[in-house]
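Q: requesting a structural model of the entry that follows:
(chains A and B)
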Number of protein chains: 2
Amino acid sequence: MFLVEGNKIIREMLNSSFKIKEIFSIDLEDLDVEYTETISVSAAELKKISFLQHPKNSLALCEIPLEKPFQELKQQIILDGIQDPGNLGTIIRLADWFGIEQIICSEDTADCFNPKVLMASMGSFLRVKIYYKNLELYLSETKNENIGTDMQGENIYDFKFPKNFNLILGNEGNGMRPKTLENLHKKITIPRFGKSKSTESLNVSMATGIILGQIFAQK
Amino acid sequence: MFLVEGNKIIREMLNSSFKIKEIFSIDLEDLDVEYTETISVSAAELKKISFLQHPKNSLALCEIPLEKPFQELKQQIILDGIQDPGNLGTIIRLADWFGIEQIICSEDTADCFNPKVLMASMGSFLRVKIYYKNLELYLSETKNENIGTDMQGENIYDFKFPKNFNLILGNEGNGMRPKTLENLHKKITIPRFGKSKSTESLNVSMATGIILGQIFAQK
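A: Residues are numbered from 1 along each chain as shown, chains lettered A, B, ... in the order given. Next up, the predicted model:
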């Protein structure tokens, strides 16, 4: 099971293939959905079951769907050990925005049904398929080109993105693990234009957004 | 006065024009700086003065510098009512990355010396100049082209960015205020490539990153 919070996402879920088990709400009129398993609760009761510091009006208990058989798509995002739920959620939202329909995560990447991930994804988890896989095995078998970000890669503004690719992003602190690096076909870099010599790199979700923006600029 | 937390940023500040008043640290050896006003404290004492749930080893009390006389630069970011400290900090970091040296904020934009802003900016606030101004007045007088994001603007991948511009971003929920909209010369849009008809737009700091990425792609 997993939990989603807020009227908007609950309405979106009722129009999706995901299954809601129970809805709890402090304001059924405002929620305005026809669903038999909807339970009116007090604000104090809702606060006890919510993961939020300031709960919204409603939350829903939902079923984690059965994993569908995996099929490789021509454009995928691969995440190698992303730990921060906010980053994972933001990357799911970016994938949805740019029409990347599938994300493959290493087994140690944050859980995509974590409430913070779902919140940051703003409903995009309903549309983007997410799989957890042994990356070493998968990246050695894929038919797509494995493209990873690296400090010493090719400038993304000169790089010609292939039609079929896996865009690979690594862990927030440590980057990709060595076995992932070994499976890369190409390395790319977002150039820094500022004068600063600071070594602070861009946040991984921001890097994902800028790279996806550039891939779609070339189309 | 304002507060910065962590050895790394304290060392960066000692090499900048910003003035530190006092440093408090639980581990002077690890901090490893030569500064007379450095005070050894216990972890419990540091926790009392820190804004962080999990304080770092050191923090420094710093002087807010006197505002320098304003000079318009050829490429600026303008923020109209950005409320979230994380967004402001991330935009400061992006400006630093892309070499935009100046940000002009409406008077109701979040305070750039807020600890959460400083934390999210990762030290970039040392290099990017930030001014708070009456935007209605400023935008009517600027010599740069005022370019704002809008749902119905020109596609950023077709738009030719001028040499001299103010890139204007609006409030997280409400966008730009009407007086700002009136002063725009051009409107731009980040196109959505996904199939989703959801109206959820990109987060303002992500939009800033993708637009700056595209501006520098044209160089």
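
Q: output the lowest mean pLDDT helix or strand found in chain A.
A: Ranking every helix and strand in chain A by mean pLDDT, DSSP states H and E puts helix A:28-31 at the bottom, with a mean of 90.

Q: now do that one: distance to the chain's middle.
A: Helix A:28-31 has its C-alpha centroid displaced from the chain centroid by 29 Å (C-alpha atoms, centre = their mean, to the nearest Å).

Q: stretch A:122-135 now?
A: 6 Å.

Q: give the buried residues for that stretch.
A: Within stretch A:122-135, the residues scored as buried using 16 or more other C-beta atoms under 10 Å in any protein chain shown are A:122-132, A:135. Using the backbone N, CA and C atoms, a C-beta is placed for each residue, glycine as well.

Q: which among those residues are in contact with chain B?
A: Filtering the buried residues of stretch A:122-135 for proximity to chain B by C-beta under 8 Å from any C-beta of the partner chain leaves A:122-124, A:127.

Q: isn't A:Phe161 right up against A:Ile215?
A: Yes: using C-beta atoms under 8 Å, A:Phe161 is in contact with A:Ile215, at 4.9 Å.

Q: picking up where we left off before, let's have the ones next to chain B among the buried residues of stretch A:122-135 in JSON lines, adding distance to B:Leu202.
A: Shown next, in JSON lines, are those (distance: C-beta to C-beta, whole Å):
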{"residue": "A:Met122", "distance to B:Leu202": "10"}
{"residue": "A:Gly123", "distance to B:Leu202": "13"}
{"residue": "A:Ser124", "distance to B:Leu202": "11"}
{"residue": "A:Arg127", "distance to B:Leu202": "15"}
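
Q: helices of chain A, start to end?
A: A:7-14, A:28-31, A:43-49, A:85-98, A:115-121, A:135-141, A:178-182, A:204-217 (DSSP state H).

Q: please identify the deepest-packed of these.
A: Ranked by mean neighbour count under mean count of other C-beta atoms under 10 Å in any protein chain shown, these are led by helix A:85-98, which reaches a mean of 25.

Q: quick one: list the elements packing against it.
A: Contacts defined by 3 or more C-beta pairs under 8 Å, 6 or more residues apart in numbering or on different chains; DSSP states H and E place helix A:85-98 against strand A:75-80, strand A:102-106, helix A:115-121, helix A:204-217.

Q: these into a markdown table, with extra columns for distance to chain B?
A: Formatted as a markdown table, these follow (distance: least, C-beta to the nearest C-beta, whole Å):
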| stretch | distance to chain B |
| --- | --- |
| strand A:75-80 | 10 |
| strand A:102-106 | 12 |
| helix A:115-121 | 9 |
| helix A:204-217 | 4 |
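
Q: okay if I get these as JSON lines plus distance to A:Lys187 and mean pLDDT?
A: Shown next, in JSON lines, are these (distance: least, C-beta to C-beta, whole Å; pLDDT from 0 to 100):
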{"stretch": "strand A:75-80", "distance to A:Lys187": "14", "mean pLDDT": "98"}
{"stretch": "strand A:102-106", "distance to A:Lys187": "18", "mean pLDDT": "98"}
{"stretch": "helix A:115-121", "distance to A:Lys187": "28", "mean pLDDT": "93"}
{"stretch": "helix A:204-217", "distance to A:Lys187": "12", "mean pLDDT": "94"}
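
Q: re earlier: put together a markdown table for the helices of chain A, with distance to A:Ser58 on each row.
A: A markdown table is the format used below for the helices of chain A (distance: least, C-beta to C-beta, whole Å):
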| stretch | distance to A:Ser58 |
| --- | --- |
| helix A:7-14 | 5 |
| helix A:28-31 | 5 |
| helix A:43-49 | 8 |
| helix A:85-98 | 20 |
| helix A:115-121 | 14 |
| helix A:135-141 | 37 |
| helix A:178-182 | 40 |
| helix A:204-217 | 28 |
